[in-house]
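S.K.: Below is the sequence, then the predicted model.
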Amino acid sequence: MKIEIWSDVICPFCYIGKRNFEAALEQFEHKEHIEVVWKSFLLDPSISELSSETYHEYLTKRKNMPLDQVNGMLANVTEMAKQSGLDYHLDQSIVVNSQKAHQLIQFAKSKNIGDKAEELLFLAFFTKGKNIADTESLIHIGLELGLNEIELNSIFDDQKYSYEVNQDIQEAKNIGVSGVPFFLFDRKYAISGAQPSQVFLETLNTTFTKWSASNPKASIQVIDGNSCSVEDGCK
């Protein structure tokens with residue numbers, strides 16, 4: 001059963017949502033039947049790749065929010081992250097355009113390590129204060145993922161991965177996604193926001209029950225004869 005997750009790696013609630021979803025998945029009885037697909041989303045495409053603003057500066061200047069309100073909001077988000085086992089340092093997070101980071105994710109998805117790429121990019125942005133628009137930093141993350149350095153040097157100029165990012169964004173618009181994180185379960189149920197793990201678990205159970213009814217296991221009738229097996233040898 002497929003679960004699609006629209007996310008932006010500069011979104012503090014997306015990392016929290018990821019962790020809460022993972023906690024639910026660990027408790028889910030049929031997790032081996034779940035396929036997770038990460039989808040790209042840009043919260044603010046107007047941000048420059050050369051920006052050097054922290055989260056505090058970004059929200060006060062670009063969103064025209066009072067400093068006291070920003071401080072209180074980010075303190076609350078940091079505490080929420082802590083409750084999910086995450087260590088946020090938002091005073092060090094550099095708010096930059098995440099297009100290139102999403103191109104790295106798309107490349108990682110082609111190697112079946114999209115989830116791991118999301119994790120390392122979230123960690124780089126929210127905990128380590130890395131510039132995730134900087135090509136050198138992204139290549140370093142790619143190498144941590146075990147990706148090929150020669151290929152990594154070309155993906156940020158490759159229109160293929162830029163196109164895939166834009167396709168995800170357009171798909172989000174088509175189904176009415178206006179904010180992230182957004183979790184779509186088997187294209188039937190959706191969860192918006194960093195909900196508690198119990199909400200994810202309940203939705204997993206509900207969706208999987210219906211999915212299982214539509215996708216029954218194949219029943220094969222076997223006529224036994226002489227054969228060899230790993231456990232019993234030949235008989």
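M.R.: Nice, thanks for sending it over. Numbers count the residues shown, from 1 in each chain.
S.K.: what comes up buried for stretch 46-54?
M.R.: Residues of stretch 46-54 classed as buried: 47, 51, 53-54 (neighbour count, 16 or more other CB atoms under 10 Å). Just so you know, the C-beta spots here come from the backbone N, C-alpha and C atoms, and that holds for glycine as well.
S.K.: With just CA atoms, put it into PDB.
M.R.: In PDB, the C-alpha atoms belonging to stretch 46-54 read as follows (Å, rounded to 0.1, in the frame of the first residue of the first chain):
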ATOM      1  CA  SER A  46      10.900  33.300  -3.900                       C
ATOM      2  CA  ILE A  47      13.700  32.700  -1.400                       C
ATOM      3  CA  SER A  48      17.100  33.200  -2.800                       C
ATOM      4  CA  GLU A  49      19.700  30.400  -2.900                       C
ATOM      5  CA  LEU A  50      22.100  33.100  -1.600                       C
ATOM      6  CA  SER A  51      20.000  34.000   1.400                       C
ATOM      7  CA  SER A  52      21.800  34.100   4.800                       C
ATOM      8  CA  GLU A  53      18.700  34.700   7.000                       C
ATOM      9  CA  THR A  54      18.000  32.600  10.000                       C
END
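S.K.: Other residues contacting it?
M.R.: With CB atoms under 8 Å, 6 or more residues apart in numbering as the test, stretch 46-54 has contacts from 58, 61-62, 90-100, 133.
S.K.: Return the closest of these with respect to Lys39.
M.R.: Ser98 (13.2 Å; CB to CB).
S.K.: give me the number of residues near that closest one?
M.R.: Other residues within reach of Ser98, judged by other CB atoms under 10 Å, total 27.
S.K.: now do Trp6
M.R.: The burial count for Trp6: 24, using other CB under 10 Å.
S.K.: Would you mind measuring from it to Val180?
M.R.: Separation of Trp6 from Val180 (CB to CB, to the nearest Å) stands at 5 Å.
S.K.: Same question for Ser197.
M.R.: 18 Å.
S.K.: Compare these two (neighbour count), which wins?
M.R.: Val180 (23 against 18).
S.K.: Pretty sure that one sits against Leu42.
M.R.: No - checked against CB atoms under 8 Å, the pair Val180 and Leu42 is beyond contact range at 9.6 Å.
S.K.: what ranges of this structure fall below the confidence cut-off?
M.R.: Counting by pLDDT under 70, the ranges of the chain that qualify are 217-227, 229-235.
S.K.: Where do the helices of the chain begin and end?
M.R.: 12-27, 55-57, 67-83, 99-110, 114-126, 135-144, 149-152, 159-174, 197-214 (DSSP state H).
S.K.: Farthest-apart pair in the contacts of stretch 46-54, please.
M.R.: Asp91 and Gln99 (24.1 Å).
S.K.: Between those two, which is the more surrounded one?
M.R.: Neighbour comparison, Asp91 and Gln99: the larger count goes to Gln99, with 18 against 12 (by other CB under 10 Å).
S.K.: Name the nearest residue to Thr206, ignoring sequence neighbours.
M.R.: Tyr189 (6.7 Å; CB to CB, 6 or more residues apart in numbering).
S.K.: Report the beta-bridge partner residues of the one you found.
M.R.: Phe185 (DSSP bridges).
S.K.: got a list of what it touches?
M.R.: Contacts of Tyr189 (CB under 8 Å, 6+ apart): 203, 206-207.
S.K.: Do I have it right that His56 meets His89?
M.R.: No - using CB under 8 Å, His56 is not in contact with His89, being 11.8 Å away.
S.K.: Which one's more surrounded, the two?
M.R.: A side-by-side neighbour count of His56 and His89, using other CB under 10 Å, places His56 first with 18 against 14.
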